[in-house]
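K.L.:
Sequence first, then the predicted structure, then my questions.
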Amino acid sequence: MSIEVTIRHLNAAPGIKEYAEERAKKLIGQFPRVESVHVIIDVQRHLYEAEFIVQQKSLTAVGAKEHADSARAVIDIAAARAEKQLRKTISKRVTVHTRKKKPVTE
């Protein structure tokens with residue numbers, strides 16, 4: 001399980017990268033099928049943007065992109081959105097192959 005953190009257009013404070021890695025480790029801890037997490041943090045003027053790209057086994061990547069005024073807030077919001085999407089894919093996986101049996105009519 002790999003965690004990558006990319007920071008663009010910013011000389012980031014030293015705690016931002018560690019905080020993003022910590023949030024990614026929480027995602028990996030909650031979802032054992034996660035193979036890799038890539039966190040991209042970008043700054044456009046005074047607006048921070050964070051994107052979580054989560055790759056699961058036998059599934060496509062889940063991406064979540066958010067904007068906010070502070071770096072930690074945007075990391076939290078994007079991680080929460082990625083977590084929500086991962087939970088959604090799990091619930092779909094559980095219910096997608098269930099069939100209702102037709103009642104036997106005589």
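P.N.:
Noted; the coordinates are in hand.

K.L.:
Show residues contacting whichever helix in the chain runs longest.
P.N.:
In the chain, ranked by residue count with DSSP state H as the criterion, the top helix is helix 71-95. Contacts of helix 71-95 with the rest of the structure, by CB atoms under 8 Å, 6 or more residues apart in numbering, involve 12-13, 16, 19-20, 23-24, 26-27, 30-31, 34, 39, 41, 48-52, 54, 56, 59, 62-68. Where you see a C-beta, it was placed from the backbone N, CA and C, and this is true even at glycine.

K.L.:
Tell me how many other residues surround residue 90.
P.N.:
14 (other CB atoms under 10 Å).

K.L.:
what pLDDT does it get?
P.N.:
Confidence per residue is given as pLDDT, and for residue 90 that number is 75.

K.L.:
For this protein, give me the ranges with low pLDDT.
P.N.:
Judged against pLDDT under 70, the low-scoring parts of the chain cover residues 12, 60-61, 93-102, 106.

K.L.:
Do a quick rundown of the helices in it.
P.N.:
Counting by DSSP H, the chain has these helices, from start to end: 14-30, 71-95.

K.L.:
a markdown table please, covering these and showing distance to residue 8.
P.N.:
A markdown table is the format used below for the helices of the chain (distance: least, CB to CB, whole Å):
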| stretch | distance to residue 8 |
| --- | --- |
| helix 14-30 | 12 |
| helix 71-95 | 12 |
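
K.L.:
Now do residue 41: how many residues are near it, please.
P.N.:
Other residues within reach of residue 41, judged by other CB under 10 Å, total 23.
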